[in-house]
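1. got a sequence here, can you build the structure:
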Amino acid sequence: MRTLDSIREEVAGLLAEGYALWENAGLPEIAVSEKYAISDALLAVYQGENAENLAALCQCFWLFRKLHCMTEDNPVYPTLLGDYFFSIFSKNLIPLDSVELNGEFARLLASDVLAPLGIDEYLKFIRGLPAVIGIRS
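-> Below you'll find the model as predicted:
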């Protein structure tokens, strides 16, 4: 059985290229406390099959939205990097093969565009995902 630390290492590997791109883009540095906050919150409630994909896609969605909100001063790099994180989000959805999960994120995105979620609201959302897609911790 995989350990929490080994799953975290897998998540770090899935996010490494995006974080390297972020560092090289000249954008404000992402806080260390934020780099894995979302994925760690998901892993606190679920460590089963494909946990690394679910944790990474949750982190990527948050970063995608964060970057798209940073476009006022510099529209190019945050938009492109946000799109990159969205592609990684999408790539990590594939192994989960869940229509319910797709629907939850589609609804979240629709409401988030109108009124961006705060971190606490998003953390509450992701902590409920295992139940939405029918898996238990």
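2. let's verify the spatially most central residue of the chain: helix, strand, or coil?
-> Central residue of the chain (CA atoms, centre = their mean): Gln59, 2.0 Å from the mean position. Assigned with DSSP: H, G, I helix; E, B strand; the rest coil, Gln59 falls in the helix class.
3. got any ranges where this structure has weak pLDDT?
-> 1, 134-137 (pLDDT under 70).
4. my read: the residue nearest to the centre of the chain touches Ala16, true?
-> No - contact criterion CB atoms under 8 Å: Gln59 and Ala16 do not qualify, at 11.9 Å. Using the backbone N, CA and C atoms, a C-beta is placed for each residue, glycine as well.
5. follow-up on the earlier one: how close does the residue nearest to the centre of the chain get to Glu72?
-> Gln59 is 23 Å from Glu72, where distance means CB to CB, to the nearest Å.
6. likewise Ser90?
-> 26 Å.
7. Ser111 now?
-> 22 Å.
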